[in-house]
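Trainee: Starting from these lines, generate the structure:
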Amino acid sequence: MVKLILRILKLTVILFVGITVFWVLLYRFVNPPGTWLMLTRGFERKSAGKEWKIDKKWVDFDDISDPMKRAAVAAEDQKFLDHFGFDFKAMERAIDKNAHSHKLIGGSTISQQTAKNVFLWPGRSYVRKAFEAYFTLLIEIFWSKKRIMEVYLNEIEMGDGIYGIEAASQAYYHKDALYLSRQQSAAIASIFPDPLKWSPTNPSDYVRHRQYLILKNMRRLGPLDF
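Mentor: Numbering: from 1, shown residues only. So this is what the prediction gives:
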């Protein structure tokens with residue numbers, strides 16, 4: 001009986017690893033069609049009596065303005081090109097601040113956020129964080145930093161029913177993502193932590209201050225060699 005259980009566990013692990021590695025490899029070449037968060041938000045809108053809305057249009061990496069890429073790195077993960085998926089110092093700072101505050105802040109890298117957005121369900125739990133770490137390692141192994149950034153900026157939530165930088169650029173500034181300016185890019189990046197509450201075109205004082213800090217960090221960043 002023990003041998004049978006161990007054999008089943010072994011086969012389960014092999015099957016899980018095989019499926020997940022294939023899934024990650026597939027998305028290295030095929031653009032993800034959607035995420036669990038998009039579906040969740042869609043059903044939330046329906047339950048609130050609103051129309052179903054998933055406003056999303058994929059754009060290639062080269063069709064996203066350079067200021068937008070810099071703004072994402074400046075806002076979310078300034079060591080993005082240097083780490084292997086995890087910024088442990090940022091995680092330590094987040095844990096320390098969360099221990100002394102009722103408002104939780106994150107320490108996730110762009111790689112971690114991409115893994116969470118594309119492969120996992122919304123929510124907070126140790127199980128989901130473990131899967132997030134696993135998928136983060138996989139995308140760091142099998143994807144380039146360029147691909148991670150491309151998927152990140154195409155799948156991230158950027159407003160009520162708005163997903164990806166092209167949809168956000170059209171909704172907020174009525175232009176293609178390729179032509180976003182530094183100010184507009186920083187404004188969009190400033191709402192990443194709470195896109196359902198904040199707006200880049202009608203910012204609160206706090207969001208405006210975030211935009212100022214992001215612009216400041218953008219100037220400090222060296223060349224982004226994707």
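Trainee: could you pull out the helices for the protein?
Mentor: 2-29, 36-47, 66-76, 88-99, 110-119, 126-142, 145-155, 165-173, 182-189, 205-220 (DSSP state H).
Trainee: Reformat these into a markdown table and put mean neighbour count and mean pLDDT next to each item.
Mentor: Every C-beta, even on glycine, is put in place using the N, C-alpha and C of the backbone. A markdown table is the format used below for those (neighbours: other Cβ atoms under 10 Å; pLDDT from 0 to 100):
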| stretch | mean neighbour count | mean pLDDT |
| --- | --- | --- |
| helix 2-29 | 11 | 95 |
| helix 36-47 | 15 | 94 |
| helix 66-76 | 23 | 97 |
| helix 88-99 | 12 | 61 |
| helix 110-119 | 24 | 97 |
| helix 126-142 | 16 | 96 |
| helix 145-155 | 22 | 98 |
| helix 165-173 | 22 | 98 |
| helix 182-189 | 24 | 98 |
| helix 205-220 | 15 | 96 |
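Trainee: so how far is Met68 from Leu39?
Mentor: Distance of Leu39 to Met68, given as Cβ to Cβ, to the nearest Å: 26 Å.
Trainee: can you check Arg208 too?
Mentor: Distance of Arg208 to Met68, given as Cβ to Cβ: 18 Å.
Trainee: just to revisit the earlier point, minimum distance to Leu196: which of the helices of the chain has it?
Mentor: helix 36-47 (8.5 Å; Cβ to Cβ).
Trainee: Give me the helices and strands touching that closest one, please.
Mentor: Helix 36-47 is packed against strand 157-159, with contacts defined by 3 or more Cβ pairs under 8 Å, 6 or more residues apart in numbering; DSSP states H and E.
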